[in-house]
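Asker: Sharing a sequence plus its predicted fold:
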Amino acid sequence: MSDLLTEDILAHIGKQSAPRTEIVTRRDIRKYAVATNNRQKKYLDGDVAPPLFHLHLFWDVVPLGELSPDGVSIDTLLPKFPLEKAMAGGLDITYHRPITPGDWLTATRTLTDIYEKSGRSGPLIFYEVLMEVCDNAGERVVSEKTTRILR
Amino acid sequence: MKPLPSIGMTIPERQHDCDGVQQMLYNASLWNGHRIHFDMPYATEVEGYPGLVVAGPLIGDWLHQVVDEWLKDAGMITGIEYSNRVAAFVGETVTAGGTITAYDAETGSLTLDVFVKNDRDEVLAPGVITARLDR
């Protein structure tokens, strides 16, 4: 039985964000490739997106007034946790096919798990968010599982 | 691809200078307004960092790039597992690299242990990348 995680918090497991659809443009790929100091022509020309480009495509765009004072967009998928200091998290990504200009992609995020573990300096809360990126035909393009740790 | 992959083989390393202009362009490209990446008084005085923090996913991108540059058009990255363990700061030079840990010549599937480390040999982000060579 968990000490920190109330039934109210655990009830958020399974919560899903509204799907978001974005179009991939050559200009966006070029900007991402330049900003990451990529050296491959196919990416710098925007012919195909480098891996991890989906982060750029689906980073939350929210009004200034909805950013926290440190400039971060608040993830509305998450409940209010009793621990708030974020520690290193991890990513587990599967790339099903490359992304190219003109692709209309839809991302759906699901809060798939919340659990507690005891760390050396006290309790830790873990949560996992799965983001599935699909194309217009409904085929998966990228699957990304993020695990974050709070202390 | 030359030389052909073999288990234990290291791929060419790549250095990245965590320069301020690049950090700005990268965070702007994501639409990431987190002050620790561009607001020096906030990063140092409020959050207590020694400088501007390099965006974690940019280090993740460099893990991909070091493998992707080696693969060129011979195949594609099919997956990655990684975590950001230690922060990097604007002004540092970091090094990305990797070692092949599994290779199946029949299917073309490859696994590499990858890293980004700083100049004190601290691993900032360890990871495992899987890739598939075109047959």
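Answerer: Here it is on my side, so go on. Computed from a predicted structure; not experimentally measured.
Asker: what residues are up against A:Thr94?
Answerer: Residues touching A:Thr94, when contacts are defined by Cβ atoms under 8 Å, 6 or more residues apart in numbering or on different chains, comprise A:142-144, B:78-79. Glycine gets a C-beta too; all of them are placed from N, C-alpha and C.
Asker: Please, where are all the strands along chain B?
Answerer: For chain B, the strands defined by DSSP state E occupy B:10-17, B:75-83, B:93-104, B:109-117, B:123-133.
Asker: got the angle for the last one vs strand B:93-104?
Answerer: The reference is to strand B:123-133. 40 degrees (axes from the mean of the first three to the mean of the last three Cα atoms, to 10 degrees).
Asker: same deal with the shortest one?
Answerer: Angle of strand B:10-17 versus strand B:93-104, following the same axes, to 10 degrees, is 160 degrees.
Asker: for strand B:10-17, the distance to its chain's centre please.
Answerer: Mean C-alpha position of strand B:10-17 versus that of the full chain (Cα atoms, centre = their mean, to the nearest Å) differs by 9 Å.
Asker: Describe which strands it pairs with in its sheet and in which direction.
Answerer: strand B:93-104 (antiparallel) (DSSP bridges).
Asker: swap in the second one?
Answerer: As defined by DSSP bridges, the strand partners of strand B:75-83 come to strand A:86-95 (antiparallel), strand B:123-133 (antiparallel).
Asker: is it possible to export those to TSV including mean pLDDT and distance to A:Leu44?
Answerer: Converted to TSV, these look like this (pLDDT from 0 to 100; distance: least, Cβ to Cβ, whole Å):
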stretch	mean pLDDT	distance to A:Leu44
strand A:86-95	90	20
strand B:123-133	97	21
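Asker: highest average neighbour count across those?
Answerer: Mean neighbour count (mean count of other Cβ atoms under 10 Å in any protein chain shown) peaks for strand B:123-133 among those, with a mean of 20.
Asker: Okay, buried residues for the longest helix along chain A please.
Answerer: The longest helix of chain A (DSSP state H) is helix A:26-35. Residues of helix A:26-35 classed as buried: A:28-33, A:35 (neighbour count, 16 or more other Cβ atoms under 10 Å in any protein chain shown).
Asker: re earlier: same list, the strands of chain B, but as JSON lines with distance to A:Pro79 please.
Answerer: Putting these into JSON lines (distance: least, Cβ to Cβ, whole Å) gives the following:
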{"stretch": "strand B:10-17", "distance to A:Pro79": "37"}
{"stretch": "strand B:75-83", "distance to A:Pro79": "23"}
{"stretch": "strand B:93-104", "distance to A:Pro79": "35"}
{"stretch": "strand B:109-117", "distance to A:Pro79": "33"}
{"stretch": "strand B:123-133", "distance to A:Pro79": "28"}
